[in-house]
Structure formats: structure tokens, C-alpha cells
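> sharing a sequence plus its predicted fold:
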Amino acid sequence: MATAATPTPTQALTIKPPRLPYAPEVKDRYGIDEEAWRALVEAIFPTAQSVGSIILVLAYCKSRNLDVFKKCVHIVPIWDKDRRCYVDTIWPGIGELRTTAFRTRQYAGRDATVFGEDVTSNWGSGRDALSVTHPEWAQVTVYRMIDGQRVAFAGPPVFWLETFAATKDGFPNSMWVKRPRGQLDKCAEAAALRAAFPEELGDMPTSDEGPMIYQNGGESLGAGPTRAVPGSLGIAGCKDRMHKAVQSAPVEAIPPEPVAKPPETSGEEMPDLLAEGTTVQPSQTMLWQCERSHTFATPAPQDGTVLGVCPTCGSARIRRLN
């Protein structure tokens, strides 16, 4: 009968080195040996891009007296437009806010989350189309013991479209697509905890709150042009609405009339052509410059009217260059 092969004493157990190199100084400063380091870089933070990112987490957890292995802190990559690459940044999770609240010995529970009506939002078109059904908003009430009384603190309503974390194309990221209620629930709880424990949590955003991360940590992921969003939804939609508002400013139609070539100006006085109602011949192609020196060309509209608005900055003070 065949028996299993038994390793000989000369056979050594081969252990693959950790994904990110271990520095012995980590043990002296943070109490992390090589095996604990392996667990951190392979299991707890498998997407960390550098040793420095793990060190930042260790330093943060040490200063906040947190157990790094309970993953109260998250590493979030943020696009750095100057370096043209993703940079790891450190953000607390909802676990840290809960832990901090409990440590005060004044946290007295919370109510169930109240959700707004479910709505459906759409991004993109064709094969790139994305549709997500999500609550319009959510709100959480938490309780704190103050002078022996259980006091309710209702957090502000947190709206899904104002809170979701976006990809570089302006779409909700995969977590917000898979868990539209769960992600919003955590953000609403975080808002309520900040309202109830301001001296402990301040304005600390969590790793789930996309716009707050971008405001505090840098450019939106990708920092590239966003795709068109039907209905102008989300953060990218706000920028899209502003841009379209400038380009589509209403202009009162004026009957065509002969137009004289405007005199050359010194640049100190910019004529407001929109206010003057300048007209041109339909066959003309016009070159313009606004008061901020943005140059652009426009074809003459068929009715002879001129928009008179710079498409770059929206200024109505422009002058003809041809």
C-alpha cells in the first residue's frame, strides 16, 4: 500500500516574502513583526501601493489608539493631477466613528434608518448606460446621555446623488451600485454621529463619502472629463449644467439690419455685443476675443443675431477680431 511522502529534515519550508518589503524599524515603533506585516499587506490592505501607505495607517491608528487589524481606517486612492497618478490617502471608516462614540460612555443607541422614496438615476447611453435604483435620501437619529437624560440627535438628511463616490467618468463606483441602500445608510449614520459628538468627531468624513473625500483630499478619481449624464445627475451633472447654462444663454431675436464693421478698440473698453444687439450677415464666420483674452470663432446664425457670450468663461464683453 502506498504511503504519503514524508518531508526529509533537509527540506526547508519556503515562505514567499510579503508583497511590500518589511522594515525592522516598524516593530520598534508600532509593535508590528514580520508576520503581522504580512497580514497587513496581504489581507487587511491588499490594494496598498507602497510601504509608506501602510506606515501612514499605522501612525494614524497609533495616534487614535485604534487596532489596525480591525480595519477602522481605509486606504483610498485619489488622483493627483500634478503627478498624473493615483496617490494613496488615509480615511476613517464608519467603524472609527462608532468606536469613538462608544468610548465617550455617553453613546445611547440609534433609531432605524429612515429612507426616502426610491428613485432611478441613469448615466451614459448605449452599451455604457448605467441605471441605479436608490433611496433619494436617508436620515439617522442617534442618542447621547447628557446630564442623565437620553437626548436625541437627528442627523441631517443625506441625499444619495450628493454623496455617492464616483469613478473618473462620473458614474457611481461599484460599491455604490451593488449596495445603494447600505452605503447611504453608513453615510447617514456618520452624519448623525458627527452631530451628536462634535467635540470628538468634528467634521471627520468617512471613506464612504465620496464628495467629502474629494473636497478634503484632492481631485475626483481620474480627474478626467466626465461622460454626459442624462438629466444632469450627480456631481458631474452640476458642472455640466453650469457649462450648458453659459452656452445656451437666451438671446432675444433681433430683425437683421445692415451692420458696420466695429472700430478697433484699445482693449481698455470692451463692447458688450449682446447688449448692443449686433447683427451680421449669415455667410460670415466671426473671430472673437473676450475681456479675459479667450479667443474663439463662431458661425453667423441664420437670423443674423449674435450670442455675444464667451464659451470659455461666459463673459458677455467680447469684441470682433475680423
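Sure thing, it's come through. Residues are numbered from 1 along each chain as shown.
> ok so Ser121 is a strand residue?
Yes - counting by DSSP: H, G, I helix; E, B strand; the rest coil, Ser121 is found in a strand.
> in the sheet, who's paired with it?
Going by DSSP bridges, Ser121 is paired in beta bridges with Val132.
> and the gap between it and Val68?
Between Ser121 and Val68 the computed distance is 36 Å (CB to CB, to the nearest Å). Every residue, glycine included, has its C-beta placed from N, CA and C.
> same deal with Val140?
Distance from Val140 to Val68, by CB to CB: 27 Å.
> equivalent analysis for Gly155, please.
From Gly155 to Val68 the distance is 28 Å (CB to CB).
> how about the strands of this structure, start to end?
73-80, 85-92, 107-110, 114-115, 118-123, 130-135, 137-139, 141-146, 149-154, 158-159, 285-290, 295-299, 318-320 (DSSP state E).
> dump those strands into a markdown table; add mean pLDDT and mean neighbour count as well.
Output for those, formatted as a markdown table (pLDDT from 0 to 100; neighbours: other CB atoms under 10 Å):
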| stretch | mean pLDDT | mean neighbour count |
| --- | --- | --- |
| strand 73-80 | 80 | 18 |
| strand 85-92 | 82 | 17 |
| strand 107-110 | 94 | 16 |
| strand 114-115 | 96 | 16 |
| strand 118-123 | 94 | 15 |
| strand 130-135 | 95 | 16 |
| strand 137-139 | 95 | 21 |
| strand 141-146 | 95 | 18 |
| strand 149-154 | 94 | 13 |
| strand 158-159 | 93 | 20 |
| strand 285-290 | 72 | 16 |
| strand 295-299 | 70 | 13 |
| strand 318-320 | 74 | 21 |
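> now these in JSON lines, with distance to Arg38?
Converted to JSON lines, the strands of the chain look like this (distance: least, CB to CB, whole Å):
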{"stretch": "strand 73-80", "distance to Arg38": "17"}
{"stretch": "strand 85-92", "distance to Arg38": "19"}
{"stretch": "strand 107-110", "distance to Arg38": "35"}
{"stretch": "strand 114-115", "distance to Arg38": "41"}
{"stretch": "strand 118-123", "distance to Arg38": "40"}
{"stretch": "strand 130-135", "distance to Arg38": "38"}
{"stretch": "strand 137-139", "distance to Arg38": "39"}
{"stretch": "strand 141-146", "distance to Arg38": "38"}
{"stretch": "strand 149-154", "distance to Arg38": "42"}
{"stretch": "strand 158-159", "distance to Arg38": "38"}
{"stretch": "strand 285-290", "distance to Arg38": "59"}
{"stretch": "strand 295-299", "distance to Arg38": "58"}
{"stretch": "strand 318-320", "distance to Arg38": "63"}
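> and of those, who's closest to Pro198?
strand 149-154 (9.7 Å; CB to CB).
> contacts for the closest one, please.
Applying CB atoms under 8 Å, 6 or more residues apart in numbering, the contact partners of strand 149-154 are 108, 139-145, 192, 195-196.
> and those, which two are furthest apart?
It's Gln139 and Met145 that sit farthest apart of the contacts of strand 149-154, by CB to CB, at 21.5 Å.
> re earlier: neighbour count winner among Val140 and Val68?
Under the criterion of other CB atoms under 10 Å, the comparison of Val140 against Val68 puts Val140 first, with 25 against 20.
> which residues does that one contact?
Neighbours of Val140 in contact, by CB under 8 Å, 6+ apart: 110-111, 113-114, 154-155, 185, 188-189, 191-192.
> mind redoing it with 10 Å?
110-114, 153-158, 185-193, 195 (CB atoms under 10 Å, 6 or more residues apart in numbering).
> so how do I select the buried members of the residues you listed in PyMOL?
Selection of buried members from these for PyMOL, criterion 16 or more other CB atoms under 10 Å:
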select buried, resi 110+113+153+155+158+185+186+187+188+189+190+191+192+193+195
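> return the subset of the contacts of Val140 lying in helices.
185-193, 195 (DSSP state H).
> low-confidence ranges in the stretch 101-250 of the chain?
204-250 (pLDDT under 70).
> and with 50 instead?
211-239, 241-250 (pLDDT under 50).
> how long is stretch 104-121 end to end?
40 Å (CA to CA, to the nearest Å).
> redo the contacts of strand 149-154 as JSON lines? Include distance to Leu287.
Below are these laid out as JSON lines (distance: CB to CB, whole Å):
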{"residue": "Ala108", "distance to Leu287": "69"}
{"residue": "Gln139", "distance to Leu287": "54"}
{"residue": "Val140", "distance to Leu287": "57"}
{"residue": "Thr141", "distance to Leu287": "60"}
{"residue": "Val142", "distance to Leu287": "61"}
{"residue": "Tyr143", "distance to Leu287": "66"}
{"residue": "Arg144", "distance to Leu287": "65"}
{"residue": "Met145", "distance to Leu287": "70"}
{"residue": "Ala192", "distance to Leu287": "56"}
{"residue": "Ala195", "distance to Leu287": "55"}
{"residue": "Ala196", "distance to Leu287": "60"}
